[in-house]
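Undergrad: Next comes the sequence, and after it the predicted model I'd like to discuss.
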Amino acid sequence: MHVRTLIQQAEPEVVEEWKWAVPCWSHDRLICTGETYQRAVKLTFAKGASLPDPAGLFNASLTGNTRRAIDLHESNALDADAFQTLIRAAATLNKSSA
């Protein structure tokens, strides 16, 4: 399943727009961006360090104080349920700090 579809299903009121030449998904504030690289797609969560990640999806940008990212490689499967839980948690966090 495509990341866009998973995000839209998890949070139907999310807004997708292009900023900084990459897709960005927002709900009240920025949830995450999607960057494409030669060997991976990186989904960077703006407030990822504040989100619970019991499934351990975050595997990149782990040393920062604010952001966390998921690097998706062609050979990796994304846990759709855990990913949608992160999207919902990010939207909830944005609503609570709006």
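TA: Perfect, I can see it now.
Undergrad: max-length helix in this protein?
TA: For the chain, the helix with the greatest residue count under DSSP state H is helix 80-96.
Undergrad: which residues in the protein form helices?
TA: Ranges of helices in the chain, per DSSP H, are 3-10, 80-96.
Undergrad: do you know which of these lies nearest L57?
TA: Between L57 and those, the tightest spacing by CB to CB is seen for helix 80-96, at 5.5 Å. Heads up, the C-betas are built off the backbone N, CA and C, glycines and all.
Undergrad: between that closest one and helix 3-10, how big is the angle?
TA: Between the axis of helix 80-96 and that of helix 3-10 there is an angle of 60 degrees, by axes from the mean of the first three to the mean of the last three CA atoms, to 10 degrees.
Undergrad: Who are the contact partners of L51?
TA: Shown in contact with L51 (CB atoms under 8 Å, 6 or more residues apart in numbering): F45, R68, L86, A89, A90, L93.
Undergrad: Turn the residues you listed into CSV, including pLDDT, distance to Q9 and neighbour count.
TA: As requested, the contacts of L51 are arranged in CSV below (pLDDT from 0 to 100; distance: CB to CB, whole Å; neighbours: other CB atoms under 10 Å):
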residue, pLDDT, distance to Q9, neighbour count
F45, 96, 17, 27
R68, 96, 21, 24
L86, 96, 13, 27
A89, 96, 15, 19
A90, 96, 14, 28
L93, 94, 19, 20
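Undergrad: mind checking how far I31 is from S96?
TA: For I31, the distance to S96 equals 13 Å [CB to CB, to the nearest Å].
Undergrad: Between those two, which is the more surrounded one?
TA: More neighbours surround I31 than the other of I31 and S96, with 28 against 8 (other CB atoms under 10 Å).
Undergrad: And S61, what's its pLDDT?
TA: Per-residue confidence at S61 stands at 88 (pLDDT).
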